[in-house]
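Colleague: Using only what follows, build the 3D model:
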Amino acid sequence: MTFWRSFAFALSIIAINVAFTDANRIPSTLEGPFDPVTVPYDVSLRGNAVDLPDTDPRVRRRVKGFEPEQISVSLSVSYDSVWISWVTGEFQIGNNIKPLDPNSVASLVRYGRSRFPLTHEATGYSLVYNQLYPFEGLQNYTSGIIHHVRLTGLKPSTLYYYRCGDPSISAMSAIYHFRTMPVSSPRSYPKRIAVVGDLGLTYNTTDTISHLTRNKPDLVLLVGDVTYANLYLANGTGSDCYDCSFPHTPIHETYQPRWDYWGRFMQNLISKTPIMVVEGNHEIEEQAGNQRFVAYSSRFAFPSKESKSSSTFYYSFNAGGIHFIMLGAYIAYSKSGTAICPCIFILQNFFIMISRIVFYYFSVLTMRFFLV
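Modeller: Model (predicted):
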């Protein structure tokens, strides 16, 4: 009887807290569960998605030489590790491109819990990717040098400062910061997680990101369709509907500089708020050699290896007490419909683990009920 009185009292307290929640404030996950707080859809936005031009100051290159740009933070599998990514050097587009040497610039991050001095240092790896077309007259693309560095040994729910770049050539970034995820436990959660998709780089995107930034999320999940670079021809001519405007192109072209514009525009947010991405159909971007998803797989850091995945199309990670499974829609299946992707075994093992945990907690709760 004592248990039920306590339980009823707890429910009353929750009800009072809900009643006094500020209707104009979006509640955090720690205060919930609540009904979602939404904003009515503005119908005037439909059909008016105008892309930001390459002349917009927010997408222009603002660094010199090999100074870092397009800086972002991504999570590893747990709170004690994150990835820092950035780009150095300029992309090239045209008929006579010459890829940069990824080993010509170091991949180094200095970091610590105080701005001065940054007491820790980590190194990583770098790469360059190409978007090549086997048809005369189509412009090819080669990226700047893309760097990925993993920081380890971090404390949970802790603010860290960092700089990235190559100090040997005086090409270091300004000082940025990020906060690690809470410890992975059933009683510890991020306060606010933003989930976005079909983001692109339009004037509507600027409104979305401004709204998202004002709400100060702890984590951003981008669930596919990142830049919409594939709505452009390789010469930079764009359209709302590629197949409608360009039905006779020999291959579905893309305009890869849109990825660089997107990275510059997003840096203000994702240099301090971790972003986790999974692919959508607009990231296919077919090119010579039957290659696909090259920009997507190159530009973002994924905790694939740490979560025992062999692909950037599926991986998992913890954010506090939440275990996220990022499962893309472009994982290989056989014609018979049988999965040939190792992610199936990862999912099977995960659900076996969850069923054991649920059974354990159910058993403990049952014992507690009998002991009241």
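Colleague: now the helices for this structure?
Modeller: 2-19, 203-214, 242-245, 257-270, 294-299, 343-371 (DSSP state H).
Colleague: just the strands in the stretch 101-250 of the chain please.
Modeller: 108-112, 120-123, 125-127, 130-131, 140-142, 145-151, 159-166, 171-172, 176-179, 193-196, 219-222 (DSSP state E, counting those that start in this stretch).
Colleague: Now render those strands as CSV, adding mean pLDDT, distance to residue 264 and mean neighbour count.
Modeller: In this view, the C-beta of every residue, glycine as well, is placed from N, C-alpha and C. CSV is the format used below for the strands of the stretch 101-250 of the chain (pLDDT from 0 to 100; distance: least, C-beta to C-beta, whole Å; neighbours: other C-beta atoms under 10 Å):
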stretch, mean pLDDT, distance to residue 264, mean neighbour count
strand 108-112, 98, 20, 20
strand 120-123, 98, 24, 14
strand 125-127, 98, 19, 16
strand 130-131, 98, 18, 22
strand 140-142, 98, 16, 21
strand 145-151, 98, 14, 23
strand 159-166, 98, 15, 20
strand 171-172, 98, 17, 18
strand 176-179, 98, 15, 19
strand 193-196, 95, 18, 16
strand 219-222, 98, 16, 22
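Colleague: out of those, which comes closest to residue 55?
Modeller: Residue 55 sits nearest to strand 140-142 of all the strands of the stretch 101-250 of the chain, at 19.5 Å, using C-beta to C-beta.
Colleague: The closest one packs against which elements?
Modeller: Strand 140-142 is packed against strand 92-94, strand 130-131, with contacts defined by 3 or more C-beta pairs under 8 Å, 6 or more residues apart in numbering; DSSP states H and E.
Colleague: I'd like the ones you listed as TSV, with distance to residue 301 appended.
Modeller: Converted to TSV, the helices and strands packed on strand 140-142 look like this (distance: least, C-beta to C-beta, whole Å):
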stretch	distance to residue 301
strand 92-94	23
strand 130-131	20
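Colleague: Residue 155 is nearest to which of the ones you listed?
Modeller: Proximity to residue 155, assessed across the helices and strands packed on strand 140-142 by C-beta to C-beta, is greatest for strand 130-131 (39.7 Å).
Colleague: Quick check: which ranges of this protein have low pLDDT?
Modeller: Applying pLDDT under 70 to the chain flags the ranges 1-29, 45-47, 333-372.
Colleague: cutoff 50 now
Modeller: For the chain, the stretches flagged by pLDDT under 50 are 1-21, 356-372.
Colleague: What count of nearby residues applies to residue 304?
Modeller: Under the neighbour criterion other C-beta atoms under 10 Å, residue 304 is assigned a count of 18.
Colleague: Look up how far residue 326 lies from it.
Modeller: Look at residue 304 and residue 326: by C-beta to C-beta, to the nearest Å, they are 10 Å apart.
Colleague: Likewise for residue 293?
Modeller: 14 Å.
Colleague: okay, these two: which has more neighbours?
Modeller: residue 326 (22 against 17).
Colleague: okay but the more buried one is in contact with residue 278, surely?
Modeller: Yes - when contacts are counted by C-beta atoms under 8 Å, residue 326 is listed as touching residue 278 (4.5 Å).
Colleague: joint contacts of those two?
Modeller: residue 314 (C-beta atoms under 8 Å, 6 or more residues apart in numbering).
Colleague: ok, residue 230 - how many residues close by?
Modeller: Neighbours of residue 230 (other C-beta under 10 Å): 21.
Colleague: which residue sits closest to it in space, ignoring its chain neighbours?
Modeller: Nearest residue to residue 230 in three dimensions, chain neighbours excluded: residue 254, at 4.4 Å (C-beta to C-beta, 6 or more residues apart in numbering).
Colleague: My guess is that neighbour contacts residue 285. True?
Modeller: Yes - Residue 254 is within contact range of residue 285, at 4.8 Å (criterion: C-beta under 8 Å).
Colleague: shared neighbours, those two?
Modeller: With C-beta under 8 Å, 6+ apart, residue 254 and residue 285 have common neighbours 131, 229, 230, 295.
Colleague: Pull the number of nearby residues for the last one.
Modeller: Under the neighbour criterion other C-beta under 10 Å, residue 295 is assigned a count of 25.
Colleague: From residue 90, how far out is the closest residue in space to it that isn't next to it in sequence?
Modeller: Nearest residue to residue 295 in three dimensions, chain neighbours excluded: residue 259, at 5.4 Å (C-beta to C-beta, 6+ apart). Per C-beta to C-beta, residue 259 is found 13 Å from residue 90.
Colleague: what about these two, which has more around it?
Modeller: residue 259 (27 against 16).
Colleague: now that one: how far from residue 282?
Modeller: 11 Å.
Colleague: any shared contact partners between the two?
Modeller: In contact with both residue 259 and residue 282: 226, 227, 229, using C-beta under 8 Å, 6+ apart.
Colleague: Please name the residues that touch the residue lying closest to the last one once chain neighbours are set aside.
Modeller: Same thing as residue 229. If the residues on either side of it in the chain are set aside, residue 229 comes closest to residue 258, at 3.8 Å by C-beta to C-beta, 6+ apart. By C-beta under 8 Å, 6+ apart, residue 258 lies in contact with 201, 227, 228, 229, 232.
Colleague: Can I get those in a markdown table including distance to residue 271?
Modeller: A markdown table is the format used below for the contacts of residue 258 (distance: C-beta to C-beta, whole Å):
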| residue | distance to residue 271 |
| --- | --- |
| 201 | 17 |
| 227 | 18 |
| 228 | 22 |
| 229 | 21 |
| 232 | 26 |
